[in-house]
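K.L.:
3D, please:
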Amino acid sequence: MKQIRTLLVAIAITIGTSSFVNAQSKVAHIASQELVEAMPAFKAAKSEVEKLNKTYDAEIRNMVLELQNTIKKYSQEAETKTDEENLKRQQEIQATEKSINDYRQNALQDLQKKEVELLKPIYEKARTSIQKVARAQGFEYVLDSTTGTGVIMADGKNLMADVKKDLGI
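P.N.:
You can find the predicted model right below:
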């Protein structure tokens, strides 16, 4: 009877230990931001957003330059104009300043929308590939080891090479 009890305890310990080892090996990690930044589509999207940003910046600079020229012209002509004309010109300048600020705000919003529109499918493709590789390798959990995400130590399996291979990068 004592031998059976010892055998059962040994079996229980063996099963418990192997379950613990299996649970440990079911966790992997990947620096998802590094993965996304390595994707050619990400670089193309960032380039497109930068190009759009430069276009908006150039337009805003032109608008501001035009406003400055108008202000200079109106300042030089102010003494030869009536108070009513000068008041109208001042209101015109204020309206132009407001339209430039409105344009700047709309440009920022448009840039943010465009960036989200371009990057969302890239992040989704990366997430799908990470899930595919993790499932194929039998991992139950994948932690994001990107700096600042809360993962202090990541000694487990790093899926970066496998996911990059899956994505063709």
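K.L.:
Now do the residue nearest the centre of the chain against residue 57, distance only.
P.N.:
Centroid-nearest residue in the chain: residue 119, 7.1 Å away (criterion: C-alpha atoms, centre = their mean). Residue 119 is 21 Å from residue 57, where distance means C-beta to C-beta, to the nearest Å. C-beta here means a position set from N, CA and C on the backbone, and glycine is covered the same way.
K.L.:
now the strands for the protein?
P.N.:
With DSSP state E, the ranges of strands along the chain come out as 27-30, 141-144, 157-158.
K.L.:
Tabulate those strands (JSON lines), appending distance to residue 101 and mean neighbour count.
P.N.:
Shown next, in JSON lines, are these (distance: least, C-beta to C-beta, whole Å; neighbours: other C-beta atoms under 10 Å):
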{"stretch": "strand 27-30", "distance to residue 101": "43", "mean neighbour count": "22"}
{"stretch": "strand 141-144", "distance to residue 101": "38", "mean neighbour count": "16"}
{"stretch": "strand 157-158", "distance to residue 101": "47", "mean neighbour count": "16"}
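K.L.:
longest single helix anywhere in this structure?
P.N.:
In the chain, assigned by DSSP state H, the helix with the most residues is helix 83-136.
K.L.:
Does anything pack onto it? Which helices or strands?
P.N.:
helix 32-38, helix 40-77, strand 141-144, helix 160-167 (3 or more C-beta pairs under 8 Å, 6 or more residues apart in numbering; DSSP states H and E).
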